[in-house]
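Asks: One predicted model, sequence on top.
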Amino acid sequence: MSTENPSHIFMQRAIELAREAAAAGEVPVGCVIVHDGVILAEGKNNRENSQVATGHAELLAIETACQKIESWRLCDADLYVTLEPCLMCSGAILQARIKRLFFGAYDPKSGMAGSVSNVFDLPSNHKVEVAGGILREECAQLLRDFFIGRRNNSEICR
């Protein structure tokens, strides 16, 4: 029987997905949605390859999970993501009724689970339990490495 922290196990899978995203030229963000200790859906950033602004890991995982269970309500699900969610993804997490959010690296530029603002503290009908900093350094290092490489040969507008 494994004594490893379950949040670390699921975050490790999200990190694997983030690495896959980076290998495909995407910002390395991976996401896993878990229900009753089993992975229900996964997502990884796909914005560059799809050229769709909403191609964030969280949104792709939420869409897959909802289709899989044939409901937009993911009431008892946990979401693990390698980077603190942006405003768009935080809104989707709230709308999908995710129970708990676990994220790795903090995002001081657009993080909406505490870094820039905290939409999860707003008075709304649904409350999400939030835990940040899960395998924080490993998640942050993936992002640092990706953006160092990107800056060294970039023609992308900011």
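Replies: Great, that's in hand.
Asks: what's the weakest-modelled helix or strand in the chain?
Replies: Using mean pLDDT, DSSP states H and E, the weakest-scoring helix or strand in the chain turns out to be helix 136-152, at a mean of 89.
Asks: Okay, buried residues for it please.
Replies: Neighbour-count burial for helix 136-152, with 16 or more other C-beta atoms under 10 Å as criterion, is recorded at 138-140, 142-143, 146. For the C-beta atoms, the positions are set from N, CA and C on the backbone; glycine is no exception.
Asks: To what extent is residue 132 buried, counted in neighbours?
Replies: 17 (other C-beta atoms under 10 Å).
Asks: ok, now which ones touch it?
Replies: Contacts of residue 132 were listed using C-beta atoms under 8 Å, 6 or more residues apart in numbering, and they are 84, 102-104, 106, 113-114.
Asks: ChimeraX command to pick out the buried ones of the residues you listed?
Replies: To isolate the buried members of the contacts of residue 132 in ChimeraX, using 16+ other C-beta under 10 Å:
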select :84,102,103,104,106,113,114
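Asks: okay, stretch 85-95 in CSV with CA atoms only?
Replies: These are the backbone C-alpha positions of stretch 85-95, laid out as CSV (Å, rounded to 0.1, in the frame of the first residue of the first chain):
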residue,chain,number,x,y,z
PRO,A,85,-5.7,29.4,-12.6
CYS,A,86,-6.4,32.6,-14.5
LEU,A,87,-9.7,34.4,-14.4
MET,A,88,-11.2,32.4,-17.3
CYS,A,89,-10.3,29.1,-15.8
SER,A,90,-11.3,30.1,-12.3
GLY,A,91,-14.7,31.0,-13.6
ALA,A,92,-15.0,27.6,-15.3
ILE,A,93,-14.0,25.9,-12.0
LEU,A,94,-16.7,27.8,-10.2
GLN,A,95,-19.3,27.1,-12.9
